[in-house]
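J.: Need the 3D shape of this:
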Amino acid sequence: MEKSYPFGDITKSIGKWLASRAKTVSSNDKYEFGNLSNFFDKEVKSSISSVTGKKDYEFGAQSKWVDSRIQEKVNDYTRKYQ
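T.: From the prediction side, this is the model:
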């Protein structure tokens, strides 16, 4: 006897799996829309703050940090050849 495939079974299964993983990652008992986005937002801001040396995330901080590092390297490079 062949087992039939009800349309959407895989999608439902993947959805349940993703929701359970989202609960684990976001430390919430129940998955709610936006939990995962909020978790990633906090993690990215925390990482940027640790790289830039700032206590709290500020919009544009990473760009300013990268710009200052580039200027520093350019200045080091051009001083070598003066």
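J.: Which residue ranges of this protein form helices?
T.: Assigned by DSSP state H, the helices in the chain fall at 9-26, 35-52, 61-80.
J.: So which elements touch the last one?
T.: Right, the one you point to is helix 61-80. Helix 61-80 makes packing contacts with helix 35-52 when contacts are defined by 3 or more CB pairs under 8 Å, 6 or more residues apart in numbering; DSSP states H and E. No exception for glycine: its C-beta is placed from N, CA and C like everyone else's.
J.: How far off centre is the helix it packs on?
T.: Here helix 35-52 shows a centroid-to-chain-centroid distance of 6 Å under the convention CA atoms, centre = their mean, to the nearest Å.
J.: Dump it to CSV, restricted to CA.
T.: These are the backbone C-alpha positions of helix 35-52, laid out as CSV (Å, rounded to 0.1, in the frame of the first residue of the first chain):
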residue,chain,number,x,y,z
ASN,A,35,11.3,37.1,18.3
LEU,A,36,14.1,36.0,16.0
SER,A,37,14.5,39.5,14.5
ASN,A,38,14.7,41.1,17.9
PHE,A,39,17.3,38.5,19.0
PHE,A,40,19.5,39.1,15.9
ASP,A,41,19.1,42.8,16.3
LYS,A,42,20.4,42.7,19.8
GLU,A,43,23.3,40.3,18.9
VAL,A,44,24.4,42.4,16.0
LYS,A,45,24.3,45.7,18.0
SER,A,46,26.2,44.0,20.8
SER,A,47,28.9,42.8,18.4
ILE,A,48,29.2,46.2,16.7
SER,A,49,29.5,47.8,20.2
SER,A,50,32.3,45.5,21.2
VAL,A,51,34.2,46.1,18.0
THR,A,52,33.8,49.9,18.1
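J.: All set now, cheers.
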